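> I would like to see how this sequence folds:
(one chain, ligands or ions: 2)
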Amino acid sequence: MARIQNDKDGTILAFMVIVHALALWGLLSPGWNASRLAVAIAVYVVAGIGTTVGLHRLICHRSFRCPLWVEHALVTAAMITGQGSPLLWAATHRRHHARSDKVGDPHTPKDSFWYGHIGWIWHRSSSTPDEWRRWCKDLAQDRYYHFLLRGRLVPHLAVAAVIGLTLGWQALPSCLYLPMVLWMHATYSVNSFGHSAAWGQAPFATGEGSRNVAWVGWAALGEGWHNNHHAFPASARHGLLAGQVDASWLVISALVALGLASDAKLPDPGRLAASRRDRHQGTR
Ligand SMILES: [Zn+2]
Ligand SMILES: [Zn+2]
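Ligands and ions are numbered 1, 2, ... in the order given. All right, here's what the predicted structure looks like:
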């Protein structure tokens, strides 16, 4: 609890308040029709896949290989939400894996469920602007990611302009801000519900509080199988057990089939089975 102090970043807090207000406006808008619903679903899926496949499984964990233009396209899709540069995202996430649910974890519900879900985003003490220098040396040469340190809103504003100029500016709250905020909370739920003992299951003994939460698995396009992910962080597939649908893995499989990705990593079946067996026997 020591990290929770009065160190809020006013700019980020204001951004979050504004986009949540616009999302609520979009939800209550009387102008819903089939085309608006289709665009809203598309924004959710595109921003979501960009985040899970691009930022998370590719950039942070290098769980598969692909051409640089595919990587940049996926990352640009993730940036629809106006979040920080991939350099900041990867630094925060790699530190989460290194210090999960311990001192130094940027977002653990042990610091309060609310803080682990969303509060950490506007608290300066959760991260430092240049921590990518320590955690992302492999990404530090990418000029596009450096541009996104300053131009984080460029992809967001570009999508807003396309929607505004084609469907009308009054469609923005429904077609952009509502799906964007819903997606943001889907990812936040991985950090909060996905690390709370009251939710889901932990079939693998991982040494921290990660959980598999089924509804987060669906909402976050496969990222909710978070205990699996902590057990096998290099795996391109997170839905590893029976019945665990992993939409992001389906996309990676499609990229491989199209020749746009390769070398997708999966856990060794023997190690996967042994890990579960050890867990059940309480030997890990
Ligand atoms: Zn985690
Ligand atoms: Zn991860």
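> separation between Gln170 and Pro30?
When CB to CB, to the nearest Å is applied, the distance between Gln170 and Pro30 equals 10 Å. Any C-beta I mention is one placed from the backbone N, CA and C, and that applies to glycine too.
> so which residues of this structure form helices?
Using DSSP state H, the helices of the chain run over residues 10-28, 34-49, 68-78, 86-98, 113-117, 132-135, 143-150, 154-167, 172, 178-192, 214-219, 226-231, 247-257, 269-281.
> surely Val70 and Leu255 touch.
Yes: with contact defined as CB atoms under 8 Å, Val70 and Leu255 form a contacting pair (7.2 Å).
> identify the contacts common to those two.
Common neighbours of Val70 and Leu255, counting by CB atoms under 8 Å, 6 or more residues apart in numbering, are Ala261.
> CA atoms of stretch 235-244 as PDB?
Taking only C-alpha atoms (Å, rounded to 0.1, in the frame of the first residue of the first chain), the coordinates of stretch 235-244 have been written out as PDB:
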ATOM      1  CA  SER A 235       3.900 -19.400 -25.500                       C
ATOM      2  CA  ALA A 236       2.000 -17.700 -28.400                       C
ATOM      3  CA  ARG A 237      -1.100 -19.600 -27.200                       C
ATOM      4  CA  HIS A 238      -2.600 -18.800 -23.900                       C
ATOM      5  CA  GLY A 239      -5.700 -21.000 -24.000                       C
ATOM      6  CA  LEU A 240      -3.800 -24.200 -23.400                       C
ATOM      7  CA  LEU A 241      -6.400 -26.400 -21.700                       C
ATOM      8  CA  ALA A 242      -9.600 -27.900 -22.900                       C
ATOM      9  CA  GLY A 243     -12.400 -25.500 -23.600                       C
ATOM     10  CA  GLN A 244     -10.200 -22.400 -23.400                       C
END
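> low-confidence stretches in this protein?
1-6, 277-284 (pLDDT under 70).
> still on that earlier bit, for Ala202, which of the helices of the chain is the nearest?
Go through those one by one with CB to CB and the one that ends up closest to Ala202 is helix 226-231, at 4.5 Å.
> got a list of contacts for that closest one?
Outside helix 226-231, the residues that touch it by CB under 8 Å, 6+ apart are 97, 100, 190, 194-195, 200-204, 206, 208, 210-213, 216, 223, 235, 238-241, 244, 267, 275.
> from the chain's centroid, how far away is it?
Using CA atoms, centre = their mean, to the nearest Å, the mean C-alpha position of helix 226-231 is found 14 Å from that of the whole chain.
> just stretch 234-253 next, same as before
Using CA atoms, centre = their mean, the offset of stretch 234-253 from its chain centre is 15 Å.
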